[in-house]
Every structure is written in C-alpha cells, then in structure tokens.
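1. What shape does this take:
(chains A and B)
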Amino acid sequence: MISIKADLDIIIPCYNAKETLFNTLASISIQKSAPKFKVYLINDKSDYDYQDEINNFSDVLDIEEIKLDTNLGPGGARREGINRSNSDYMMFIDSDDLLYNCYSVRNLYQAVQGYDLCISDFIFERDGVRVVKQRNKIWLHGKIYKRSFLEQYNINFNDTRANEDNGFNRLVLLMNPKIKYLNKITYVYRENSNSITRANNREYMISGLEGFAFNMKWAMDEALKRGADKEVISMLSTSVLVSMYYDFLYTINESNNKDILKYSKIIMPYYLEYDKVSNDFLDSCFKYKEGVLEEEDKHYDKVVTFDEFIRMVQNYD
Amino acid sequence: MIDIIIPCYNSHNTLKNTLNSIINQSIKDKIKVYLVDDCSDKNYNLFVEQYSKYIDIKEIRIKENGGAGLAREFGIQNSNSKYIMFVDSDDLLFSYQAVESLYNEIEKGFDYVNSIEYDEKRRKNLILNGNVHGKIFRREYLEKNDIHFNSTRYHEDNYFTNFVVLSGAKKSLIRECTYFYTFNKDSITNESEEFDRLEIYFQNMRDLINIITQKEYSKVRFARYKREKYRYLRRIYKTFSDEEKAIFRKWIEEYDKDFMQFIDLPERAFVCSLIDYLNSIINS
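-> Predicted coordinates for the structure are as follows:
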C-alpha cells in the first residue's frame, strides 16, 4: 500500500481505553479545514485490540493501530508513536480527552508555522468544575510540536510512569524552542477525583512529587548533556523549585514531621543538581524567584517561607 | 431538558459526523436526540444502536415524506423537554460547549436565544435570523403562541424563526459560535431552483403578514425586521436571467402592495418599499 506522508501525526496512547476512545475519535473526526493528518493508536498491550474503533472511523479518518509487545506506560507508548510516525508536526491526545471544536487542529497547525512549539489554551475539568488553563507549559494538552526540533536535540519520552509528560515538556522548554502562544481553546481535559490514580490525598501528592522531582532532574541532566544554555536552565529550574515549594505548602496542613522528612528526601537530588548549575547565575535566579513568588503570593497564606523551605531541604540528612 | 431534533432524509452518509459532534457536548446528560426519519429509503436503527451507548437517542418515523419543516414539527410533537434545538443531518455543533452556552442563556428566562454560526460556503461567522441553526427555543412559548412549521419545503426555517421573533418572543443573542453549517457540494442548489424557491419565500412572507394581522402582533417590529430580508434578495437577484428578473419584479410589486397596505400610515414614512430598494441596487 502506498501511503502519502501526512502533514501532522496525532498520537494517542491507548491502554484498555475502549470506554472512552470512541468519544475522543469522534471529536477528531469532525475536524474541519485541517491539514492532512494521521491518527496513531498506540496499543500499550491492552487486553484487546482496537479493530472495532478503526473500522468505525476508517471512512473519515486516516487511522492506524500500533501494537506494543510490552506495556510501557503512556510515556513509552508516546515514544513509540514518535518513532514510528513521520510527519513534520505532531500532537498528543489522551484516550479519554477531547478536541474542543471543529477547528482545534486547524488553529494549532496554522499557529505553529514558523515555530517549534505552539501552546494553546485548554479546558481543565475536575468533578464538574471548569478552568481554562492558559500558557500551560507542564502538560501535553493543546500543544503541537515540530518534529525537526525534537529530532535536532533528540528529545523523547522516558520510561517513568508519572509526570513523564512533564519531563518531556520541561526538556523541550530547556532547549529554548521558538514558542507561539495561541489564545484559543483547543482541548478538553477531564478527570474524576474518584478514579484511583487521581485520588486527591496525601500519599498521592507525595508519590506524585517523587515522579515530578525525578523528571525535573532528568530534564535538567538531559538538557545539560545537549548543551543547553546554563542560564536558561538555572532560571527555569528556580521556577520548578518554587512550584515544589507551593506543593509543599499545599500538603503541609495535613502533614506530620515524617512526611516533611520524606518531602525533603524527594526534593534533595533535584536541589543538589540545581545548586550546581545555578551557582554562577544566582543573581538572575534570585530576580526570577522574586518575580514568581510576588505574583503567586496573593493566593496563599504562608506558614513556611521559601527560604526556610530551602534550608529545610539543605539540612536534610 | 433539551431536545435536539434532526430531520433525516437519506442522511446515512453525513449523519455520523453530526452525531459525533453531539455526543461530546459538555452537558450531554441533559440532551435527548430525536432522529426524525422523513421516509428515507433505509431506517436508522444502526445509528440508534451504536450511539445510544453515548447519548439518549431515539428514532421516530413519519408516515409520509413531508420535507424538513414537517419533520421538525413532527419532532416537536413527539418530544417533551423544556427546550428545543434543531440540527440538520449534515451539519455540526461547533464546540464542546455549544449547547451549554445556549442552555445557560435561555435558562435566564428568555424564549429564544440566537448565536453565531459558521457558514462553510461563505467562509464567515454569521448571525442569522432566517434559519433554525444555532438557536434554542422554549417549548412553552411555542405552544402558547401556536407557532408551527408550515408544510413548505423551502424557507420553512425562515418562516418559523421569523414567526417566533415577530410574535414578540423575549430573545437574546450570545456572541459565541455554536453551529457549523456545512457546504455540501452534492446538495448544491442550482440557480433556477433558487428562483423557484423564491415564490415559496414570498408566500411565506405573506402568510406571516396575515398572521401578524390576525394575532395583532406589533407591525413596527415587522417593518424593521424586513430590512434584514433585503440582504438575501440582493444576493440572489444578481444570479437571475432577464426573464427571471422580470417575473421576480412582478412578485415583488405584488408583495409590496400587501406590505404597504399592512403597515400603518405613519410608519410608512420609515419603510422603504422593496421595489425602490431593488431599483437602487440595480442602479448602483
């Protein structure tokens, strides 16, 4: 079969996703004025295949299933998706999310021309509460990536199963891409807090932080290997430390001393790495930190200051 | 809570996308979909079977083919939710929040809410009062004022929506695109057809005049409203042959006579007659 190269690949990691995949594909199938795109379902060793879904949508979508022999988790599945597809641009959709309207793909594709990455707004819905996330640099939602940029710096997903998307995005960001911000909603992300993985409790927060700290350190290491600008790294890494600090504030009310110790232990490796890199740029880091904290401070009643938090991490042993 | 009525006549090829845009609505739990089968060659059992997993959907059948207007009317008669929307079987709801936005607005106490639609043929966002796309109606209001689709096969949507507006419905407009009006190359109307349909258009307008007179609705509203109609006529006039133009002028003159009689004397000063308007287009 001769396959003509598409302009855009849409990569969907699917693990036992039959319940929700139909809706996701439905939202992709109604795209209008979109470039020629191909949908890849990365079957991450689900209990079944997705032939029914493919048959259902093959008249309106160019769609292919890629079956993996082992379960890799969403990060690994996306990596396989990147490796086995070939268009100039790519976007990632989760198998339980939706595109926002008929022009989501068109808007993103038009906006990313001449850029390495386009970041658009997306809807974040939890238990019926809806927020529009703007200029979000953490998640994969509502973004489109240029393949040549990822290839130039050999950027791909790692094998961790939590926050791997975060690590990926962080690495992209540290390599200083040309970013276009699009002030339009293109994506809908929904979650239920009663789902097991997302239970909003302390253990989850702490284990989530573990993945977060690991992936942030991973991204920093990888960026250093690839010769990213150290000043960019140290400044952006300050912001990560600030966000860890806010995570800490968020959980501290319910925490006991043991948790705080655990917390420090998790952050320690990241902090050491950060300390090494940022030493020469303390001034700019300091300025950046001031800026971030000042803006965010309005929302929190602080019980531990940022400096106390850093001292706490430093003194962990 | 909201009935979405989809008149279907041999729509098997396009209906899938329409339903795909409905099952992803943010308030899909409040939506009931009615496929009104206007005597198609095949039924829609497969669609109902497949999509009932994702949304409340039902097929109802008319005994005799009657066109989209009667199909919609049949849909209204056989459904019962508080609000009613119409979607055509080859169009789409534009976004995730399309129905929710309309619903939130009409919940404030309006009888009829209009919004923006995207017209694929003209490649524009438009706010139109002459069709039933991207609008939501309060059932109670339609019943109280005895508002129905008529049996004409063209411009029946125009008649219906005009009827709602002219009857003095409490109306509102949201500045959000909720509807994607597909340009379907197969169903493109050729120009002579467009001309034949005009006769129906004028018939519908005359019916409206009669209704307004009977029910003593505000005539001023109609007079002002009429301006909007001119745009449509202006667009299609250019496509006519000379012979058609002559017939068209005759229709307009007749219509104008009815219309000018209908409008009360003091108001006439503010209303341009249609024939004058047409002359001004031709000369410009």
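
2. contact partners of stretch B:109-127?
-> Stretch B:109-127 is touched from outside by A:32, A:102, B:94, B:101-102, B:105-106, B:128-129, B:133-138, B:141, B:164-165, B:169-183, with contacts defined as CB atoms under 8 Å, 6 or more residues apart in numbering or on different chains. In this view, the C-beta of every residue, glycine as well, is placed from N, C-alpha and C.

3. Counting neighbours, which of the residues you listed end up buried?
-> Buried members of the contacts of stretch B:109-127, scored by 16 or more other CB atoms under 10 Å in any protein chain shown, are A:32, A:102, B:94, B:101-102, B:105-106, B:128-129, B:133-138, B:141, B:164-165, B:169, B:172, B:174, B:177-182.

4. Show me those that map onto helices.
-> The helices, defined by DSSP state H, take in B:101-102, B:105-106, B:141, B:164-165 from the buried ones among the contacts of stretch B:109-127.

5. got TSV for these, with distance to chain A and pLDDT too?
-> Shown next, in TSV, are these (distance: CB to the nearest CB, whole Å; pLDDT from 0 to 100):
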residue	distance to chain A	pLDDT
B:Ser101	12	96
B:Leu102	15	97
B:Glu105	17	96
B:Ile106	20	96
B:Tyr141	29	96
B:Val164	27	91
B:Val165	27	87
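
6. Let me have these in JSON lines, extended by distance to B:Glu244.
-> Shown next, in JSON lines, are these (distance: CB to CB, whole Å):
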{"residue": "B:Ser101", "distance to B:Glu244": "41"}
{"residue": "B:Leu102", "distance to B:Glu244": "38"}
{"residue": "B:Glu105", "distance to B:Glu244": "41"}
{"residue": "B:Ile106", "distance to B:Glu244": "41"}
{"residue": "B:Tyr141", "distance to B:Glu244": "39"}
{"residue": "B:Val164", "distance to B:Glu244": "31"}
{"residue": "B:Val165", "distance to B:Glu244": "29"}
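
7. can you pull the pLDDT of residue 149?
-> Looking at chain A here, since you left the chain open. pLDDT, A:Phe149: 96.

8. Chain B was what I was after
-> So B:Phe149 comes in at 93 (pLDDT).

9. Pretty sure it sits in a helix.
-> No. B:Phe149 is assigned coil when assessed by DSSP: H, G, I helix; E, B strand; the rest coil, not a helix.

10. So it is in contact with B:Leu70, correct?
-> Yes. With contact defined as CB atoms under 8 Å, B:Phe149 reaches B:Leu70; the gap is 6.4 Å.

11. what about the strands in the stretch 1-150 of chain B?
-> B:2-8, B:31-37, B:56-61, B:83-86, B:92-93, B:112-119, B:124-126, B:135-138 (DSSP state E, counting those that start in this stretch).

12. rank those by pLDDT, which is bottom?
-> Minimum mean pLDDT among the strands of the stretch 1-150 of chain B: strand B:124-126, a mean of 89.

13. Pull up the pairing partners for that strand, direction included.
-> Strand B:124-126 sits in its sheet next to strand B:112-119 (antiparallel), going by DSSP bridges.

14. Report pLDDT for residue 260.
-> I went with chain A, as the question did not name one. 74.

15. please go with chain B instead
-> On the pLDDT scale, B:Met260 gets 70.

16. Mind listing what's buried along the helix or strand hosting it?
-> According to DSSP states H and E, B:Met260 maps onto helix B:242-262. For helix B:242-262, burial by neighbour count (16+ other CB under 10 Å) applies to B:244, B:248-249, B:252, B:255-256, B:259, B:262.

17. Next: stretch B:13-32.
-> The neighbour-count check on stretch B:13-32 (16+ other CB under 10 Å) flags B:14-28, B:30-32 as buried.

18. Can you name the residues bridging to the residue lying closest to A:Ile179 once chain neighbours are set aside?
-> The shortest distance from A:Ile179 to any non-neighbouring residue, by CB to CB, 6 or more residues apart in numbering or on different chains, is to A:Leu117 (5.1 Å). Following DSSP bridges, A:Leu117 is listed with bridge partners A:Tyr145, A:Ile179.

19. Look up how far A:Met90 lies from A:Leu117.
-> 11 Å (CB to CB, to the nearest Å).

20. Which neighbours do the two have in common?
-> Joint contacts of A:Leu117 and A:Met90 (CB under 8 Å, 6+ apart) are A:144-145.

21. returning to that earlier point: what subset of the buried residues of helix B:242-262 is also close to chain A?
-> Here nothing survives when these are matched to chain A using CB under 8 Å from any CB of the partner chain.

22. out of those residues, who's nearest A:Thr70?
-> Proximity of the buried residues of helix B:242-262 to A:Thr70 (CB to CB) peaks at B:Glu244, which lies at 70.6 Å.

23. Would you mind naming what in the stretch 101-250 of chain A lies close to chain B?
-> A:101-102, A:123, A:188.

24. Neighbour-wise, which one of those leads?
-> A:Asn101 (30 neighbours; other CB atoms under 10 Å in any protein chain shown).

25. My read is that it contacts B:Ser26, right?
-> No. Counting by CB under 8 Å, A:Asn101 does not reach B:Ser26; the two are 11.7 Å apart.

26. how near is B:Ile23 to chain A?
-> Per CB to the nearest CB, to the nearest Å, B:Ile23 is found 6 Å from chain A.

27. nearest spatial neighbour of that residue, skipping sequence neighbours?
-> Nearest residue to B:Ile23, sequence neighbours excluded (CB to CB, 6+ apart): B:Tyr54, at 4.1 Å.

28. hang on, that neighbour packs against B:Asn20?
-> No. Applying CB under 8 Å, one finds B:Tyr54 not in contact with B:Asn20, separated by 9.4 Å.

29. before we move on, the earlier item: common neighbours of A:Asn101 and B:Ser26, please.
-> What both A:Asn101 and B:Ser26 touch, as defined by CB under 8 Å, 6+ apart, is the set B:Tyr96.
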